[in-house]
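Engineer: Let's see this in three dimensions:
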Amino acid sequence: MTEFHNPTHTTPIRVRGQSLGFDHVHLMGVLNVTPDSFSDGGLHFESEPATQQALHMFADGADWVDVGGESTRPGAEPVSEEEELRRTIPAIRAIREKHDGLISIDTTKIAVAEAAIAAGADCINDISAFGFAPEMAGLVADLDVPVVLMHMRGVPKTMQEGEIVYDDIIDTLKSFFAERIEFAISAGVDEEQIIIDPGIGFGKTVAHNYSIVRRLHELRELGRPILLGTSRKSFIGAVLDKPAAERDFGTAATVAFGAAFGADIVRVHNVAAMADVLAVTNRVISG
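Structural biologist: Numbering: from 1, shown residues only. Okay, the predicted model is just below:
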C-alpha cells in the first residue's frame, strides 16, 4: 500500500508568536512585483494591482502570499537594493493593512528582508540559503521569524549554463541542507523555524526536477517542513511543449504528486485552480 505524506506529522513553526501547524498542505501564492518574471512579469508591477492580486489569492484559498521584487528566472539580471525595496515594501504594507494572511518576502538582501518584516511580512524566503548574505542568518535569529532555505546551483543569471551534473540529486540536497541548517543554528536560528525548498529549476536538468518530485519523501528525514515550487516551470514545458501561461494542468500534476510525496507547502501562480487540486489531494492523503 502506498504510504502518503501526512502533513499533520510535520513540526509546527511559529508565526507572530503563535504556533502554525500543518493540518493540511499549505498553498502559497506567487506575487511577483517585477517587470520580467518568467510567468507573470509586469502584471502586478505597481503596488495597487499587486495588493488586489494578493487579496484575490487569499480569497481563492492561499494560506500564504510570497512577494518578490527580483526575478530569479534563468539568465535574470540582479536588481539594486533600492529598486527591490521600492517594488516590494509598499505592496507588503498595503497587503497587511487589508488582510491578516501570511506574507513572505522572497529576497536575498538583508535590508529588504528587514524592511519587509517591519512592513508586515511574516517569513523570509531566501533562495540562496544564506549563501549570498551570510549575515541574513543573524537577522532571522534576531527577528525569530520562519525562513525558507532553498538549494540553487550558482546564481540565477548562470545557474542553467554548462553541464549540470550531480552524482545523486537527493543525496546532494540532503548534504546541502544538513550543512545549511547547521550554519543557521550556529548563527542563532531556531531549527524549528527553518523550512527547506529543493529549488526546482534552479540549476537542475529536466530529469533532476522530476526525480526530486518523485523522491521528495526522502528529504523528510531532515525533519523540516518542505516547500515545493514547480508552478509553470520549464521542466513542465519540456513535456507539454507549451508556454508558461498554459502549464497549469501540468502544474496540477506536480502539486498533487508533490503533496502526496512529502511537500508541506506548494508555491503556485494559479491559486484558485491549485486550491481545488489540493482540496482533493488532501482528502486522498487524509483518507
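Engineer: And the strands in the protein, which stretches?
Structural biologist: Defined through DSSP state E, the strands belonging to the chain, from first to last, are 13-15, 18-20, 26-32, 64-68, 102-106, 123-126, 147-150, 194-197, 227-228, 265-268.
Engineer: Return the residues in contact with Arg215.
Structural biologist: With CB atoms under 8 Å, 6 or more residues apart in numbering as the criterion, the residues that contact Arg215 are 170, 261. Using the backbone N, CA and C atoms, a C-beta is placed for each residue, glycine as well.
Engineer: now the strands of the chain as TSV including distance to Ala279, mean pLDDT and mean neighbour count?
Structural biologist: As requested, the strands of the chain are exported to TSV (distance: least, CB to CB, whole Å; pLDDT from 0 to 100; neighbours: other CB atoms under 10 Å):
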stretch	distance to Ala279	mean pLDDT	mean neighbour count
strand 13-15	23	97	18
strand 18-20	20	96	12
strand 26-32	10	96	26
strand 64-68	17	97	25
strand 102-106	19	98	25
strand 123-126	23	98	26
strand 147-150	24	98	26
strand 194-197	22	98	24
strand 227-228	17	98	26
strand 265-268	12	98	26
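Engineer: out of those strands, nearest to Ala178?
Structural biologist: Smallest distance to Ala178 across those (CB to CB): 10.2 Å, for strand 194-197.
Engineer: Run through who's touching the closest one.
Structural biologist: 13, 123, 125, 127, 146-151, 177, 181, 184, 219, 222, 224-229, 264-265.
Engineer: again with stretch 236-247
Structural biologist: The list of residues contacting stretch 236-247 from outside it, by CB under 8 Å, 6+ apart, reads 38-39, 206, 230-233, 249-251, 254.
Engineer: Which of those fall within helices?
Structural biologist: 206, 249-251, 254 (DSSP state H).
Engineer: Which one of the residues you listed sits in the busiest neighbourhood?
Structural biologist: Using other CB atoms under 10 Å as the neighbour test, the ones in helices among the contacts of stretch 236-247 are led by Thr254, with 27 neighbours.
Engineer: what about Met136, how many neighbours?
Structural biologist: 25.
Engineer: nearest residue to Ile117 other than its sequence neighbours?
Structural biologist: The spatial neighbour of Ile117 that comes closest, neighbours along the chain excluded (CB to CB, 6 or more residues apart in numbering), is Leu143 at 5.6 Å.
Engineer: isn't Arg153 right up against Pro198?
Structural biologist: No - with contact defined as CB atoms under 8 Å, Arg153 does not count as touching Pro198 (11.8 Å).
Engineer: Which residue of the two possesses the greater neighbour count?
Structural biologist: Set side by side, Arg153 and Pro198 show unequal neighbour counts under other CB under 10 Å, the larger going to Pro198 at 29 against 17.
Engineer: residues in contact with the closest residue to the more buried one other than its chain neighbours?
Structural biologist: Ranked by CB to CB, 6+ apart and with sequence neighbours excluded, the top spatial neighbour of Pro198 is Ile212, at 5.0 Å. Taking CB under 8 Å, 6+ apart, we find Ile212 in contact with 169-170, 173, 198, 200, 204.
Engineer: Make JSON lines from the contacts of stretch 236-247 and add distance to Gly131 to it.
Structural biologist: Putting the contacts of stretch 236-247 into JSON lines (distance: CB to CB, whole Å) gives the following:
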{"residue": "Phe38", "distance to Gly131": "22"}
{"residue": "Ser39", "distance to Gly131": "25"}
{"residue": "Val206", "distance to Gly131": "24"}
{"residue": "Thr230", "distance to Gly131": "22"}
{"residue": "Ser231", "distance to Gly131": "23"}
{"residue": "Arg232", "distance to Gly131": "25"}
{"residue": "Lys233", "distance to Gly131": "21"}
{"residue": "Phe249", "distance to Gly131": "34"}
{"residue": "Gly250", "distance to Gly131": "30"}
{"residue": "Thr251", "distance to Gly131": "27"}
{"residue": "Thr254", "distance to Gly131": "26"}
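Engineer: between those, which is nearest Met57?
Structural biologist: Distance ranking of those against Met57, using CB to CB, places Ser231 first at 12.5 Å.
Engineer: Could you report the separation of the closest one from Val266?
Structural biologist: Here the criterion is CB to CB, to the nearest Å. By it, Ser231 lies 8 Å from Val266.
Engineer: Overlap of the contact sets of these two?
Structural biologist: 255, 274.
Engineer: where does the protein have low pLDDT?
Structural biologist: For the chain, the stretches with pLDDT under 70 are 1-2, 36-46.
Engineer: At which residues are the helices of it located?
Structural biologist: With DSSP H as the criterion, the chain has helices at 47-60, 81-98, 110-119, 136-143, 169-186, 206-214, 234-240, 248-261, 271-286.
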